[in-house]
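*Asks:* Below is the sequence, then the predicted model.
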Amino acid sequence: MRQLRWPVAAAAAVSLALALEALPAALRWLWGGRRRRRRREVLFFPSQVTCTEALLQAPGAPAGAPAGCLCGLPHGESSLSRLLRALLAARASLEICLFAFSSPQLGRAVQLLHQRGVRVRIVTDCDYMALNGSQIGLLRKAGIPVRHDQDLGYMHHKFAIVDKKVLITGSLNWTTQAIQNNKENVLIMEDEEYVQLFLAEFERIWEEFNPTKYTFFPQKDRSH
Ligand code: ZN
């Protein structure tokens, strides 16, 4: 009897210890399943200048910091790296509505998504897109559809929608000047109501800027 009781007691103790250890995780799982926190994040700029190479590696490249990155920059998180992460989470679609887009890092992120098969569409302002350093030409060349205004008022929005699920909006133009020098804010929020409103606005502008409606060329030129 005595010989048997000890192994049984030991097994029971071990089981109890394991159960107790698993309890917090189980509770978190139950709790999280019922009340998953929707994403709410605010980024403030100027951003610390950090290396973003690891985030922007081409598909197929090994994950993590690139081996032997000797760039000398810090390799931690920054407002820019968080913004990049939010964009790179896209799996199906990305709508971008921006007055100015010249940041090479954000340009690379958008090209990466395009390469991964994410449906990217860009709306921008015709005055800024032609300036030196604008990413718009490169993105167009990569095959990403871009539409722009043709009137006097600026297309001054600064928002993006990831997978029709997450809205990214704020004061920030996607330029290195703004990212590194300006005081700016960017809200990242998973909010169905706001996403639907911004998506509707994007679709409205997308149609308004349909190239078939452009009237750059005066009528008399067309008759030649
Ligand atoms: Zn680096």
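*Replies:* Everything's here; your move.
*Asks:* The residue of the chain found nearest the ion: what secondary structure?
*Replies:* Nearest residue of the chain to the ion: Cys51, at 2.9 Å (Cβ to the ion). From N, CA and C alone the C-beta is placed, and that goes for glycine too. Following DSSP: H, G, I helix; E, B strand; the rest coil, we place Cys51 in the coil state.
*Asks:* and it, backbone torsions?
*Replies:* phi -80, psi 130 (degrees, to the nearest 10).
*Asks:* Please list all residues in contact with it.
*Replies:* Contacts for Cys51 (Cβ atoms under 8 Å, 6 or more residues apart in numbering) come out as 65, 69, 71, 73-75.
*Asks:* One more pass at 6 Å, please.
*Replies:* By Cβ atoms under 6 Å, 6 or more residues apart in numbering, the contact list for Cys51 reads 71, 73, 75.
*Asks:* ok, now Thr124?
*Replies:* 98, 136, 148.
*Asks:* overlap between the contacts of Cys51 and the residues near the ion?
*Replies:* Cys71 (Cβ under 5 Å from the ion).
*Asks:* Now render the contacts of Cys51 as JSON lines, adding distance to Lys183.
*Replies:* Output for these, formatted as JSON lines (distance: Cβ to Cβ, whole Å):
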{"residue": "Cys71", "distance to Lys183": "26"}
{"residue": "Leu73", "distance to Lys183": "22"}
{"residue": "His75", "distance to Lys183": "25"}
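*Asks:* now the most centrally placed residue in the chain, nearest residue through space, not along the chain?
*Replies:* By Cα atoms, centre = their mean, the chain has its centre lying nearest to Leu87, at 1.4 Å. Using Cβ to Cβ, 6 or more residues apart in numbering and skipping residues adjacent in sequence, the residue nearest Leu87 is Ala109, 5.2 Å away.
*Asks:* doesn't Arg85 make contact with that neighbour?
*Replies:* No. When contacts are counted by Cβ atoms under 6 Å, Ala109 is not listed as touching Arg85 (9.2 Å).
*Asks:* Looking at the two, which is more packed in?
*Replies:* Ala109 (23 against 14; other Cβ atoms under 10 Å).
*Asks:* just checking, what packs against the strand or helix carrying that one?
*Replies:* Taking DSSP states H and E as the criterion, the element that holds Ala109 is helix 104-115. With contacts defined as 3 or more Cβ pairs under 6 Å, 6 or more residues apart in numbering; DSSP states H and E, helix 104-115 has these neighbours: helix 79-88, strand 119-124.
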